[in-house]
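[1] Build me a structure from this.
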Amino acid sequence: HSSRRRFAARLNSGVGFHIMLTEITSAIQSTKTALEIVKAARGLANYSELLTAVTEVQIKLTDAIASELASQEKQAELLERIRGLEKQLSEFESWDSQIQRYELHAFQTKAMAHALKSGMENGQPMHYLCLPCADKRQRSTLQPSGRYLVCPNPACKATIAVEKAPPSNGGRRGGSWMAA
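    Numbering: from 1, shown residues only. Got it, this is the predicted structure:
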């Protein structure tokens, strides 16, 4: 009984009110903490969405950078191709100006070669260019070898008879067609 009386006396003296106030304050604090946790969880959801959005933007930026690099590589390849074509064009134009110095010449054997035109020597001696090589835009000066002109280009090796063969000597030995 004595403890009941003390409790009742405390309650009447305001101590009980103080205990209830502490419990109410504690409950309010717990509610605030719960609200903060909910807000934090909501913030985490937004943070997660933000991270997802940032990741998507980063992926798109990475793709854009990769595309730009590929575009630059392609542009570099195209520029290299243009340089090559310009060089080729220059070589064709150079060849065209070189070949203008020559005219088609038929030997007595009816074989043909490009002969250096009179007045276009530019300090060079008279010479002939191989027709098959000239058709491939290659300058191969035919080299004399007896009654033939021979192309020095290993890929061609054309041989052109420039003089007719000597008449046969009827089976006789000796003599030379060049001596006659």
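[2] Could you list the low-pLDDT ranges of this structure?
    1-27, 29-32, 34-45, 167-180 (pLDDT under 70).
[3] Where do the helices of it begin and end?
    Taking DSSP state H as the criterion, the chain contains helices spanning 2-13, 15-99, 131-135.
[4] what's the last one packed up against?
    What that stands for is helix 131-135. strand 112-116 (3 or more C-beta pairs under 8 Å, 6 or more residues apart in numbering; DSSP states H and E). C-betas here are computed from N, CA, C, even on glycine.
[5] Go through the strand it packs on and flag the buried ones.
    Within strand 112-116, the residues that qualify as buried are 113, 114, 115, 116, counting by 16 or more other C-beta atoms under 10 Å.
[6] can you redo the residues you listed as TSV with distance to residue 83?
    What follows is the buried residues of strand 112-116, written out as TSV (distance: C-beta to C-beta, whole Å):
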residue	distance to residue 83
113	34
114	30
115	35
116	33
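[7] Closest one of the residues you listed to residue 142?
    residue 113 (5.9 Å; C-beta to C-beta).
[8] any idea how far that closest one lies from residue 166?
    Separation of residue 113 from residue 166 (C-beta to C-beta, to the nearest Å): 22 Å.
[9] got it, and residue 90?
    Counting by C-beta to C-beta, the separation of residue 90 from residue 166 is 47 Å.
[10] ditto for residue 86
    In terms of C-beta to C-beta, residue 86 sits 52 Å off from residue 166.
[11] Could you do residue 88 as well?
    Between residue 88 and residue 166 the distance is 46 Å, computed by C-beta to C-beta.
[12] do residue 157 as well
    24 Å.
[13] in stretch 145-160, what counts as buried?
    For stretch 145-160, a neighbour-count test (16+ other C-beta under 10 Å) marks 147, 148, 149, 150, 151, 153, 156, 158, 160 as buried.
[14] Now do the same contact list for the second one.
    What it means is residue 148. By C-beta atoms under 8 Å, 6 or more residues apart in numbering, residue 148 lies in contact with 159, 160, 161, 162.
[15] Likewise for the third one?
    Applying C-beta under 8 Å, 6+ apart, one finds that residue 149 lies in contact with 113, 128, 142, 143, 159, 160, 162.
[16] Nearest residue to it in space, ignoring adjacent ones along the chain?
    residue 142 (3.8 Å; C-beta to C-beta, 6 or more residues apart in numbering).
[17] The one you found against residue 131, yeah?
    No. Counting by C-beta atoms under 8 Å, residue 142 does not reach residue 131; the two are 9.4 Å apart.
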